[in-house]
Structures are given as structure tokens and as C-alpha cells.
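Trainee: return a 3D structure for these sequence lines:
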Amino acid sequence: MADHFLTMDQQLAAKVEVTAGTFETLAAADVLLRHFRSDTIFTPDYPRFDNDEVAEDIAAAPDFVSGARGGISVGVIVKTAGVVGTVPAIDRFLQGCGMKQQIVNFISVGVQAGGDSQFLAGETYTATGAKAGIIEFDRAGAGVLRYIPVTGGALANLDVIVANGDSATASGSSALYGVKYTPTSTATKTLSIQRAEKNDAATSAHDYLYIIKGAMGKCTITWTPLDVIRFAAEYSGVQHTCADGSFFTGYTYETGTPPKFINAVCQLNGVDIEPAEIVFDCGNTVDVDPAPTTLGGTSGFLRARIAKREPTITVAPFRLKTATLDELGILKSGATSVFTLTLGTTPQIIEFTAPKCQIRGWTAGERSGLRTAQLTLHLTRDVLTDNDYSIMMR
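Mentor: Numbering: from 1, shown residues only. Predicted coordinates for the structure are as follows:
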């Protein structure tokens, strides 16, 4: 008998759905990530009714529905594409966790005039040629302006940029800076995901395919020194296919270099720290909505949605480069602190920023002072930029 664990191979494909809950046909181009973990979580949720109180001939409710609920878990290494401003392969999986994709550009600008004489992150701008967008990073005085174009395209030489009463003139040409991911509460993206599995007999017609549609998920990103960045997620959706089939051929995996957590710049409240591990949890609670469109709800489930989101960062253990970090007092007081992490070298750089981090509670009966071995920071909404956090890949 063949050893299934030695001969089995897996393939993962995913695509953002144009219409939530409507299956997108998958192809070789949708196989981009080489995963280290991918498990099928077949948890069919059939609303089934006992007939001990209802006579069978009444047929008030069906025994089973057509659209069962299922899930797929994913584990991959986080990379950038190796080309600045190019969307990474992990993009669609991030979108499926309720994150929006934004392409960030940069261009030189002169000194700002009027208003407070500075462009601030989150401010919207208008520019020559009916262009509009969002200022991505603070810019006070002449220098490089990072921005996210929304309409009208990229800024160009001699374009006059106006934001919140301030104006400046662009010089030179625009260039790509990176791809930014931040949480979004609107226009969330559902995914069609396929997990294929080689059968032990190596007969392609009987490879096993498991597909869910209308899927959204919850994820964690883990940084450990000397190791690559790892992304793990669990997606819930509606079962679309659970049958024999064939692997896609002609696909190309992403080949970018994965940044490692070595010589990384990590700060909490502006103070350098050297944690042994950092774990970001997007904190999503995912529900799969039923579709009671016919008598008895025979169409089963429609699609997944994010019902709640409470993102956190766990830092452990916590070692300081400065003496005592009395700034921890600001964490105790219930105020917020900024957490930043930058690692990798050009062009494979990943930046993680959480503008407002807060400790919400303490262990009951703790008498040894502030415990920093497992410091959990809850991320709160930044009013100006409407972000809990952002991940920049370039």
C-alpha cells in the first residue's frame, strides 16, 4: 500500500469574486503561492429537522439543503514580488480577510503654501487634470510626497496639488513606492478557493478537488527572528465542488525573496524593542449567511461575511534597548501608542504599522508589575486615516 503522506501533493488556487458568492472560474494563473499548510475543513452545516413532531407527509422542511458550508485553511510564506509597486501573490488572500489594496506612488513636491503648510496622511487631494487621491504619508516642506491615486491617474511634473487648503507644485515624474493593505468595512472581497490534492495512485483524472465560494477568512501573520514571515488563515464559505478532477498545469509560483526577521527595525511608542516573536491577529469573526430564498431555505448558504473584527498584536518576550521604557506608563494609562516594524532590503521590504495600540486589561491578581513576556496590544481605529493597521509591501 502506498504511503499517502509521501506521495501526496497539493495545489492551491484563489480568485477574488466579482459578485460576492458567485463562483469565479479558476485557472493556472490563479495558482501563485507555494503553501506549507493547506487543510480542508469540511464542516458541512446542513439545517436538518427532526420529524418527531411533524408528519413526514406534510414535508414542511427538507432534510438537507443544497449549499453546505465548508472551509479551507492556508499557510504560506509572505513575500513581495521583487518589483517595487507590484502586487504580491498573497494579495487575494489578504483581500479575503477584509483588507483593501492600495497602490502607493511618490513624486517630488515644492514647499506647501496656505493652510497649515503641510500635507498630512489621510488628507484627500485634488490636482491639475481632474486628478484626486489620498496623501499616504505626512509631508511638511519640499521633498518626496507619497500618495494613493484614486481618480485621474498619477501626478505629473508641474501638477498643482491642493489638500485641505495647502498647495504645492509637483516636479519630475511619479514612481511606484509599494502596495498597501489596510482594513476596510466596505466593499469587502469574497474569494473562490480551490484546494487540489494528488491521489496516491498518481492518476490525474482522480485527483481530489475541494472548492468553496463566497469565502472570507481570519488570519495571523507571524514574525520570528531568523525565520521567514508566515501567514496563516482559515476561510469559510459555501461548498462548490467536492469531487475528482485534475491539477492545473502551466502555473508559476511567486519567486520573490521572503524577508526575514533579522536586523529589523521594531518600535513601540518610538522606542526600539527586540522581541523574540511578533504575532498579528486580524481578529475577524466570520459568519456564513443562509439563503432562505425558497420555502424551507433549500438553497442553503449564500456567502461569508466578517461579523466582527478585533485586531491585536502580541509581542513576546519584550526586551528593551533603552533603560526602562518609562513610556510603558502611557500604555498603562489607557492611551494609545504607535507600533512599527520594518524588515527586508530593497526591493523586498515589508512595513507594518499600527498607529493606535492599547492595553485594555490586566491579569487579575498580578503583583509583579507590568508583565512584558506576552504583551498584547489591541489596535483601535485611527480617525484621520481610518486604519487599525497597515501593511506595506515593496
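
Trainee: who's in contact with the spatially closest residue to residue 107 that is not a sequence neighbour?
Mentor: Using CB to CB, 6 or more residues apart in numbering and skipping residues adjacent in sequence, the residue nearest residue 107 is residue 174, 4.5 Å away. Quick note: C-beta positions are derived from backbone N, CA and C, even for glycine. By CB atoms under 8 Å, 6 or more residues apart in numbering, the contact set of residue 174 is 105-107, 154-156.

Trainee: same check, this time on residue 93
Mentor: By CB under 8 Å, 6+ apart, the neighbours of residue 93 are 14, 33, 74, 76, 191, 217, 219, 231, 233.

Trainee: out of those residues, who's nearest residue 341?
Mentor: For these, the minimum distance to residue 341 (CB to CB) is 14.8 Å, reached by residue 231.

Trainee: low-confidence ranges in this structure?
Mentor: Across the chain, residues meeting the criterion (pLDDT under 70) sit at 1-8, 37-67, 200-205, 292-299, 319-333, 361-373.

Trainee: where do the helices sit along this protein?
Mentor: All helices of the chain, identified by DSSP state H, fall at 4-7, 91-95, 328-332.

Trainee: closest to residue 127 among the contacts of residue 93?
Mentor: residue 191 (34.5 Å).

Trainee: the closest one against residue 233, yeah?
Mentor: No. Contact status for residue 191 versus residue 233: not in contact, 10.3 Å apart, counting by CB atoms under 8 Å.

Trainee: look at those two and report which has more neighbours.
Mentor: Shown here are residue 191 and residue 233; by other CB atoms under 10 Å, residue 191 has more neighbours (25 against 22).

Trainee: grab the nearest non-local neighbour of that one.
Mentor: Among residues not flanking residue 191 along the chain, residue 96 sits closest, at 4.1 Å (CB to CB, 6+ apart).

Trainee: okay, now residue 246: neighbour count?
Mentor: Neighbours around residue 246, by other CB under 10 Å: 12.

Trainee: that older thread, what do residue 191 and residue 233 both touch?
Mentor: 93, 96, 217.

Trainee: adding distance to residue 347, write the residues you listed out as a markdown table.
Mentor: Shown next, in a markdown table, are those (distance: CB to CB, whole Å):
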| residue | distance to residue 347 |
| --- | --- |
| 93 | 21 |
| 96 | 25 |
| 217 | 28 |
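
Trainee: between these, which is closest to residue 10?
Mentor: residue 93 (15.5 Å).

Trainee: coming back round to it: now the two most distant members of the contacts of residue 174.
Mentor: Farthest pair in the contacts of residue 174, by CB to CB: 106 and 156, 12.9 Å.

Trainee: what about those two, which has more around it?
Mentor: residue 106 (22 against 16).

Trainee: which residues does the more buried one bridge with?
Mentor: residue 146, residue 175 (DSSP bridges).

Trainee: distance-wise, check it relative to residue 84.
Mentor: Separation of residue 106 from residue 84 (CB to CB, to the nearest Å): 10 Å.

Trainee: find residues that contact each of the two.
Mentor: 175, 177.

Trainee: my guess is residue 23 contacts residue 192, does it?
Mentor: Yes. At 5.2 Å, residue 23 and residue 192 qualify as touching, with contact defined as CB under 8 Å.

Trainee: distance check, residue 271 against residue 151.
Mentor: In terms of CB to CB, residue 271 sits 40 Å off from residue 151.

Trainee: compare the two (neighbour count), which wins?
Mentor: Neighbour count, other CB under 10 Å: between residue 271 and residue 151, residue 271 has more, with 15 against 9.
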